[in-house]
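Participant: Dropping a prediction and its sequence here:
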Amino acid sequence: MIVLHRINISLTKKIFKKQVTLSSYTNTSERTKFKQSLRYLEQDVLRMGTLVEESFRLSHQCLFAQNLEAAREIPLLDKKIDHYYRQIEQECSLTMALQSPVAQDLRCLSAFMQLVRDLERIGDYAKDLAEIGVKLFPYPPHPCMEEIKKMSQDAQYMLATSLVALTELDPQAGKRVKKFDDIVDDAYEKLYKTLAYQNNLSGVVEPILLLVLIIRHLERMADHATNIAQRVSYIVTGNRQ
């Protein structure tokens, strides 16, 4: 009976050890799959970001080079951007519901969901800018166009910097991009006063109204680019800027 009891104890230990090993393997396997899902999501976010960058670039060409073909390409890009937006948001929600992530993984998923909203809004503004650009075609260039062009270039740089920060998980990008956002904000205030308080207006006021819309859109696009960089900092550090 003693021998049989010892055999039972030994067998129980082996079974328990095997169960622990199997559980560890299962947890490791699930963790690997989860990390892989996060990588796929990040790749989709970056693909969406590339489309938004291209849309922004085309709107710039439409505004400052009167490129009608660029304006025609943007609606097709916008449909792809919207598709990525819905897909990524759905996948993030599903992953959060099924995997119950914690710490940095949860911050990452939460930031992705907010980040793609920023990208989607920049894409919408780019589409609007192209439409405004077409409406400006009949009018002669305004003296402020060079300053507005610089504002557009700064906002595009901010978007590109934010997307690079996402690939590198750079926690300092938020502060760098915020400095450019201040420059864009200052340009907006200066241009708005110039456009809104002109005393020598003659003829139609439509081009002035369109230019005010342009600088407002660019200011908002810069704000969304800043949000993206700051969300990257949040992913890495857990601190909101």
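Facilitator: Done, it's in.

Participant: Compute the distance between Gly49 and Tyr85, please.
Facilitator: According to Cβ to Cβ, to the nearest Å, Gly49 stands 11 Å off from Tyr85. The way it works is simple: take the backbone N, C-alpha and C, and place the C-beta from them, glycine included.

Participant: anything in contact with each of these two?
Facilitator: Leu119 (Cβ atoms under 8 Å, 6 or more residues apart in numbering).

Participant: The two: who's more crowded?
Facilitator: Per other Cβ atoms under 10 Å, whichever of Gly49 and Tyr85 has more neighbours is Gly49, with 26 against 20.

Participant: wait, what's in contact with that one?
Facilitator: Going by Cβ under 8 Å, 6+ apart, Gly49 touches 119, 159, 163, 166.

Participant: and the closest residue to Leu201 other than its chain neighbours, how far is that from Tyr197?
Facilitator: Nearest non-adjacent residue to Leu201, counting by Cβ to Cβ, 6 or more residues apart in numbering: Ile208, 7.0 Å away. Using Cβ to Cβ, one gets 11 Å for the distance from Ile208 to Tyr197.

Participant: Same check on Phe112?
Facilitator: Per Cβ to Cβ, Phe112 is found 43 Å from Tyr197.

Participant: These two: which has the busier surroundings?
Facilitator: Here Phe112 and Tyr197 are compared on neighbour count by other Cβ under 10 Å; more neighbours surround Phe112, at 23 against 7.

Participant: so which strand or helix has that one?
Facilitator: Counting by DSSP states H and E, the element that carries Phe112 is helix 103-136.

Participant: roughly how far is that helix from the heart of the chain?
Facilitator: 5 Å (Cα atoms, centre = their mean, to the nearest Å).

Participant: list the buried ones in it?
Facilitator: 105, 107-113, 115-127, 129-130, 132-134, 136 (16 or more other Cβ atoms under 10 Å).

Participant: What of stretch 81-97?
Facilitator: 81, 84-85, 88-89, 91-92, 95.
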